[in-house]
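Asker: sequence first, then the predicted structure, then my questions.
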Amino acid sequence: MPSVTGLSCGTFYRSGGNEVTVEGSGFKGASRVYFRDQNSKEYDAQSFKVVSDNRLTAVAPRVNVLGTFHIYVVANGQRSTTPEVDVLVPDGDSMAATGTYGVTAATEPGQHNRITSVYEPGSLSEFEKRDVLSQIKQHKGDQGWMEWQLAQLNEHDAAWFRDKWRAWG
């Protein structure tokens, strides 16, 4: 079964075309690499190349949304997994006397295959600007989101974004 343990980068351009190296195991025989968004919509990589059983390169697809995606590899009919990580989950009892302090140790799939779509610097079309305006309204008051968006934009688009943030954010 294939397993994804890491990516060469944390972002890809919404317009697609940039290369992402995927690290893991079980990649020989890969028949598909895809990016899945938060709504479970799948976007096939434009192309991919298996470098070794532990590494492949994929060309990011053009996607319709900004945000979090997960990359999956299908090899020999099986979809990739990610290694489990230890987490603390609130158990609701808040009982310090039992020594748990309101949490229980558990495991969950890791985020080793997580990647975020961003605008390519300098490429905001009028359509994309309307999309950003909609997102500004959704993220009203979220300073962290605003700063993250500004880091993705060129100087010209950043000035436009700041102006819209003042008006709508």
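Answerer: Here it is on my side, so go on.

Asker: who's in contact with residue 89?
Answerer: If you count contacts by C-beta atoms under 8 Å, 6 or more residues apart in numbering, residue 89 has them with 103, 104, 105, 106. Where C-beta positions appear, they are placed from N, C-alpha and C, glycine not excepted.

Asker: of the residues you listed, which is the most crowded?
Answerer: Comparing the contacts of residue 89 on neighbour count, residue 103 comes out first with 14 neighbours (neighbours: other C-beta atoms under 10 Å).

Asker: now it: how far from residue 27?
Answerer: The gap separating residue 103 from residue 27 is 36 Å, by C-beta to C-beta, to the nearest Å.

Asker: so which residues of this protein form helices?
Answerer: All helices of the chain, identified by DSSP state H, fall at 126-138, 143-152, 155-168.

Asker: point out the one among the ones you listed that comes closest to residue 72.
Answerer: Proximity of the helices of the chain to residue 72 was assessed by C-beta to C-beta; the nearest stretch is helix 143-152, lying at 24.4 Å.

Asker: pull out the buried residues from that closest one.
Answerer: Of the residues in helix 143-152, those with enough neighbours to count as buried (16 or more other C-beta atoms under 10 Å) are 145, 146, 149, 152.

Asker: could those residues go into a markdown table alongside pLDDT?
Answerer: Rendered in a markdown table, the data for the buried residues of helix 143-152 read as follows (pLDDT from 0 to 100):
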| residue | pLDDT |
| --- | --- |
| 145 | 81 |
| 146 | 82 |
| 149 | 79 |
| 152 | 74 |
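
Asker: make JSON lines out of those residues and add distance to residue 129.
Answerer: Output for those, formatted as JSON lines (distance: C-beta to C-beta, whole Å):
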{"residue": "145", "distance to residue 129": "17"}
{"residue": "146", "distance to residue 129": "16"}
{"residue": "149", "distance to residue 129": "12"}
{"residue": "152", "distance to residue 129": "14"}
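
Asker: before we move on, the earlier item: so of the contacts of residue 89, which ones are in strands?
Answerer: Of the positions in the contacts of residue 89, 103, 104, 105, 106 sit in strands, assigned by DSSP state E.

Asker: closest to residue 35 among those?
Answerer: The shortest separation between residue 35 and any of these is 27.3 Å, and it belongs to residue 106 (by C-beta to C-beta).

Asker: just give the nearest non-adjacent residue to the closest one, would you?
Answerer: Setting aside the residues directly before and after it, residue 106 is nearest to residue 89 in space (C-beta to C-beta, 6 or more residues apart in numbering), at 4.8 Å.

Asker: ok, now how distant is the one you found from residue 112?
Answerer: Separation of residue 89 from residue 112 (C-beta to C-beta): 20 Å.
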